[in-house]
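Asker: Sequence and computational prediction follow.
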Amino acid sequence: MKKHIFAAAIIFVLLWSVPASAREITVLLKQRVTQGAIGGQGVVLTDARGMYTKPFNGTFKISYSNGAMKAGKVTYKLPVTMKGGAGVVVDGVKYKGSLVIERNGSGLNIVNKVDVEEYLKGVLKSEMSPSWPKEALKAQAVLARTYTLASKKHGAYDICDETHCQVYRGTADESPAITQAVNETKGQILTYGGAPAQTFFFSDSGGMTTSSQSVWGGVVPYLTPKADPVPNDSPNKTWQTTLTMAQIGKKLTAAGAGVGTLKSLRPYKRDKSGRIEQIELKGSAGTKIISGNKFRTAVGATVVKSTLFEFNRQSAYKVSTTTVAKPAAKIVQIPKQNAAAPAAQIAGMPENDADKLYWMAKNNVFTMRELLSMIGDDSKYPQYVAEGLARMAKMKNPPAKAEKPKPEVKPAPQATVTEAAASALSMEGTSAQTVVMYGRGYGHGVGFPQWTAKALAEAGWDYKRMLEYYFQGTKLETR
């Protein structure tokens, strides 16, 4: 799952619900399909009545028919399980583990039940090239495992196989280097206060990461600005984008942030890393200040690659660090999400699809990580909204006024904290018809920069040192 697509500032949702000790996970491969092809070597099908097949080799077509699964002339009562000693095949893609085929409305859900370690071997390639140094791959393995085990993320299932969860293409994406990285970190996750940590990662920081508070408005003690210890060779270390004012205005209007005919843009506030935290829009209908992330996602997260940019210039960019003592007696309070999130009330849901997704995340329909990967993929907004509405339909009705979860009090790590700050970047705006943006890095900037991990591994850092640096205060545990 690429982590370069981000949401506007909203109430940050911390996820601390599912124990990391669970080893087998459920991955939604197909949803509401009416037909497909399944099979493998030495596989056996068993349906809800206990009817089963003899072990067979090869594949066959299945279809949904009147609440059941049909294969040739045989009808199977759902749910159907399929197991094979050498894995299973779905539409030509081979997966380890077994399959569960269930009814979903007028179609079938096809689900892979697989050990989390085997699952990770089919995930890492979408995040890092297998040719990258082993220590960088090991760090990514720990982060992907932590994310996978952190909470339920896709309705009744642990995760799906698409970008807004983690891209998973079964054994096709395995490689010796990735398998080694997964095996050498087996069971290892990052924790904070005994629960899985929030392990955000992204492509390139441009020289310095930023805080969760700056990007999403929620304080997470271990997600703070960090200066990259070494430079990297990312293709997006610096970038340039040119758009017309009219193009930008049209995108902002579509995202619900329009100001009539857009006349000018100006950085209104920058954070410690130099990223634009707020931007001022002036137009024929007035003035509006929105978050830098909303601007980025509205215009396009692959076009405006980060909020670390300036208009019409590229100033020198330097970061400095200081080490401060953290008082031993200081206590931080971390809200703990209920294991079963209450259903959201449809009343008050915004009309704009992008705003609907933010609203759903605030009401625990989507997780923050799901939202991060959805926003910016405009063409799929209707699909994501439909998925959210389907989830809401399955959730229990909440009380008239849902009680706020009581905060869990946890002691802050008794350690020193390294704080970073960047040199001031230009606050100059633009009113030109052609808008030129000069930027650095690629991604939301919170957590772990993957291209810097590559450079750190090449400089001799091991994966534990990388994780300790970028997630200061967390603990590496084996579960």
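Answerer: That came in fine, so what should we check first?
Asker: Counting by contacts, list what the single longest helix found in the chain packs against.
Answerer: Ranked by number of residues, the top helix in the chain under DSSP state H is helix 134-150. Where contact means 3 or more C-beta pairs under 8 Å, 6 or more residues apart in numbering; DSSP states H and E, helix 134-150 is packed against helix 116-121, helix 176-184, strand 188-192, strand 195-196, helix 450-458, helix 463-470. C-beta: built from backbone N, CA, C; applies to glycine.
Asker: who touches the last one?
Answerer: Applying C-beta atoms under 8 Å, 6 or more residues apart in numbering, the set of residues contacting helix 463-470 from outside is 135-136, 138-139, 142-143, 185, 190, 209, 226, 229, 447-449, 453, 456-457, 474, 476.
Asker: returning to that earlier point: quick one: which of the helices and strands packed on helix 134-150 is nearest Ser63?
Answerer: With C-beta to C-beta as the measure, helix 116-121 is the member of the helices and strands packed on helix 134-150 nearest Ser63 (27.5 Å).
Asker: Now do that closest one: which elements does it pack against?
Answerer: Against helix 116-121 (3+ C-beta pairs under 8 Å, 6+ apart) you get strand 24-33, helix 134-150, helix 176-184.
Asker: Most tightly packed of the ones you listed?
Answerer: Among the helices and strands packed on helix 116-121, helix 134-150 has the highest mean neighbour count (mean count of other C-beta atoms under 10 Å), at a mean of 25.
Asker: ok, then the element right after that helix?
Answerer: strand 159-160 (DSSP states H and E).
Asker: Taking the chain centroid, which residue in the protein is the extreme one?
Answerer: Most distant from the centre of the chain: Lys73, at 42.3 Å, with distances by C-alpha atoms, centre = their mean.
Asker: any idea how far that one lies from Ser63?
Answerer: Noted for Lys73: a distance of 12 Å to Ser63, by C-beta to C-beta, to the nearest Å.
Asker: Ok, Lys263 next?
Answerer: Lys263 is 57 Å from Ser63, by C-beta to C-beta.
Asker: quick revisit: can you redo the helices and strands packed on helix 116-121 as CSV with distance to Ser214 and mean pLDDT?
Answerer: Shown next, in CSV, are the helices and strands packed on helix 116-121 (distance: least, C-beta to C-beta, whole Å; pLDDT from 0 to 100):
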stretch, distance to Ser214, mean pLDDT
strand 24-33, 32, 95
helix 134-150, 20, 95
helix 176-184, 31, 97
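Asker: what's the neighbour count on Leu265?
Answerer: Leu265 sits with 24 neighbouring residues when counted by other C-beta atoms under 10 Å.
Asker: Can you get me the start-to-end distance on stretch 70-90?
Answerer: Separation of the first and last residues of stretch 70-90 by C-alpha to C-alpha, to the nearest Å is 16 Å.
Asker: could you give the mean pLDDT of it?
Answerer: The predicted model assigns stretch 70-90 a mean pLDDT of 93.
Asker: May I see the buried residues of that stretch?
Answerer: 76, 78-84, 87-90 (16 or more other C-beta atoms under 10 Å).
Asker: quick one: the helices in the protein?
Answerer: 116-121, 134-150, 176-184, 212-216, 245-254, 292-299, 353-362, 368-374, 381-394, 450-458, 463-470.
Asker: how about the last one as PDB, C-alpha atoms only?
Answerer: Yep, that's helix 463-470 we're talking about. Provided in PDB are the C-alpha atoms of helix 463-470 (Å, rounded to 0.1, in the frame of the first residue of the first chain):
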ATOM      1  CA  TYR A 463      16.700  -1.800  11.100                       C
ATOM      2  CA  LYS A 464      16.300  -1.500  14.900                       C
ATOM      3  CA  ARG A 465      18.300   1.800  14.900                       C
ATOM      4  CA  MET A 466      16.100   3.200  12.100                       C
ATOM      5  CA  LEU A 467      12.900   2.300  13.800                       C
ATOM      6  CA  GLU A 468      14.100   3.600  17.200                       C
ATOM      7  CA  TYR A 469      15.000   6.900  15.500                       C
ATOM      8  CA  TYR A 470      11.800   7.600  13.600                       C
END
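Asker: buried ones in it?
Answerer: Residues of helix 463-470 classed as buried: 463, 466-470 (neighbour count, 16+ other C-beta under 10 Å).
Asker: okay, the angle between it and helix 134-150?
Answerer: Angle between the axes of helix 463-470 and helix 134-150 is 60 degrees (criterion: axes from the mean of the first three to the mean of the last three C-alpha atoms, to 10 degrees).
Asker: Okay, angle between helix 463-470 and strand 188-192 too, please.
Answerer: 20 degrees.
Asker: From the buried residues of stretch 70-90, pick the one nearest Gly441.
Answerer: For the buried residues of stretch 70-90, the nearest to Gly441 is Val90 (37.0 Å; C-beta to C-beta).
Asker: does that closest one really touch Leu28, like I thought?
Answerer: No. Applying C-beta atoms under 8 Å, one finds Val90 not in contact with Leu28, separated by 11.5 Å.
Asker: overlap in contacts of these two?
Answerer: Ile110.
Asker: Give the full set of residues in contact with the nearest residue to Ala68 once chain neighbours are set aside.
Answerer: Nearest non-adjacent residue to Ala68, counting by C-beta to C-beta, 6 or more residues apart in numbering: Thr75, 5.0 Å away. Applying C-beta under 8 Å, 6+ apart, we find Thr75 in contact with 65, 68-69.
Asker: Neighbour count says what about the residues you listed? Which are buried?
Answerer: Judged by 16+ other C-beta under 10 Å, buried ones among the contacts of Thr75: 68-69.
Asker: Nearest to Gln166, out of the contacts of Thr75: which one, please.
Answerer: Set against Gln166, the nearest of those by C-beta to C-beta is Met69 (27.2 Å).
Asker: Leu243: which of the helices and strands packed on helix 116-121 is closest?
Answerer: helix 134-150 (32.9 Å).
Asker: separation between the residue lying closest to Tyr147 once chain neighbours are set aside and Leu190?
Answerer: In space, and not counting its chain neighbours, Tyr147 is closest to Thr199: 5.2 Å by C-beta to C-beta, 6+ apart. Per C-beta to C-beta, Thr199 is found 6 Å from Leu190.
Asker: Let's see the distance spanning stretch 464-475 from one end to the other.
Answerer: Using C-alpha to C-alpha, the end-to-end distance of stretch 464-475 comes out at 10 Å.
Asker: I meant to write stretch 278-292 there.
Answerer: Counting by C-alpha to C-alpha, you get 5 Å between the two ends of stretch 278-292.
Asker: what pLDDT, on average, does that stretch get?
Answerer: On average, stretch 278-292 scores 97.
Asker: which ones among the contacts of Thr75 are found in strands?
Answerer: Taking DSSP state E, the ones among the contacts of Thr75 that sit in strands are 65, 68-69.
Asker: Can I get those in TSV including distance to Leu108?
Answerer: Listed next are these as TSV, based on distance: C-beta to C-beta, whole Å:
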residue	distance to Leu108
Ser65	10
Ala68	10
Met69	6
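Asker: and stretch 159-174, which residues are buried?
Answerer: Those would be 159-170, 173-174, for stretch 159-174 by 16+ other C-beta under 10 Å.
Asker: and if you look at stretch 182-196?
Answerer: 182, 185, 188-193, 195-196.
Asker: swap in stretch 274-288?
Answerer: For stretch 274-288, the buried set under the neighbour-count rule, 16+ other C-beta under 10 Å, comprises 274-283.
Asker: Kindly format the C-alpha coordinates of stretch 437-447 as PDB.
Answerer: Extracted in PDB, the C-alpha atoms of stretch 437-447 (Å, rounded to 0.1, in the frame of the first residue of the first chain):
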ATOM      1  CA  MET A 437       5.300  25.100  -7.300                       C
ATOM      2  CA  TYR A 438       8.800  24.000  -6.300                       C
ATOM      3  CA  GLY A 439       8.700  21.200  -3.800                       C
ATOM      4  CA  ARG A 440      10.600  18.500  -1.900                       C
ATOM      5  CA  GLY A 441       9.800  14.900  -1.100                       C
ATOM      6  CA  TYR A 442       6.800  12.700  -1.700                       C
ATOM      7  CA  GLY A 443       4.200  11.800   0.800                       C
ATOM      8  CA  HIS A 444       2.400  13.000   3.900                       C
ATOM      9  CA  GLY A 445       5.700  13.200   5.800                       C
ATOM     10  CA  VAL A 446       4.600  11.400   9.000                       C
ATOM     11  CA  GLY A 447       6.600   8.500  10.300                       C
END
